[in-house]
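*Asks:* With the sequence up front, the predicted model follows.
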Amino acid sequence: MKKQVLVIIFSITVVTCIFYSCTKDIGINPLIAFSDKALFDSCRNEAAFTYYKNSPATVYSGSNGPHGPFKLKFNKVALTALIDNGKLPVGKAFPDGSMIVKEVQSSGQFALMYKRAGSWLWAEINADGSVAYSVNKDAGAGCISCHNQTGHRDLVVSFNFY
């Protein structure tokens, strides 16, 4: 008799778990998609990006900023905002979901901007996945102060120089 009761309780538990799992609207915390790790994984997905002016071999000097020589790439969402000469039109903004990545050549670091809810998330992630600057930090003094130069296009200044 005890064995039958245990089987029934186990069966009810399993059915309840399956029913609950199948009816949830969100299976994971949606903020995980905007974590340093998730954005780092995205940066390494070459198929998801197009290099600036379609040139994966071009290394830009980086002499106008703190990152040093870099390659610049845009995800497919950001790419839709660029015009024929490969730049964002003056006065326009990148849509949410845009991601812009500088691959820093000297260190393999990824310096990235990800547009979410009309604002940029900023991060610098080392080649080994360790975080140099987290998306969870305020980018005011460290990033925006430099990216807010005259002539920027939605806080992207690379278009000014290259």
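*Replies:* Cool, got the structure.

*Asks:* For the chain, name the helix or strand with the lowest mean pLDDT.
*Replies:* The helix or strand of the chain with the poorest confidence is helix 2-23; it has a mean of 57 (mean pLDDT, DSSP states H and E).

*Asks:* Name the spans of the protein whose pLDDT lies under the cut-off.
*Replies:* Under the criterion pLDDT under 70, the flagged ranges of the chain are 1-32.

*Asks:* Would you mind measuring the gap between the ends of stretch 111-126?
*Replies:* End-to-end distance for stretch 111-126: 9 Å, by C-alpha to C-alpha, to the nearest Å.

*Asks:* and if you look at stretch 144-153?
*Replies:* Taking C-alpha to C-alpha as the measure, stretch 144-153 stretches 12 Å from start to finish.

*Asks:* Contacts made by it with the rest, please.
*Replies:* By C-beta atoms under 8 Å, 6 or more residues apart in numbering, the residues outside stretch 144-153 that reach it are 65-66, 87-90, 92, 122, 155-157, 159-160. For the C-beta atoms, the positions are set from N, CA and C on the backbone; glycine is no exception.

*Asks:* Run the chain-centre distance for that stretch.
*Replies:* 20 Å (C-alpha atoms, centre = their mean, to the nearest Å).

*Asks:* And stretch 41-54, by the same measure?
*Replies:* 11 Å.
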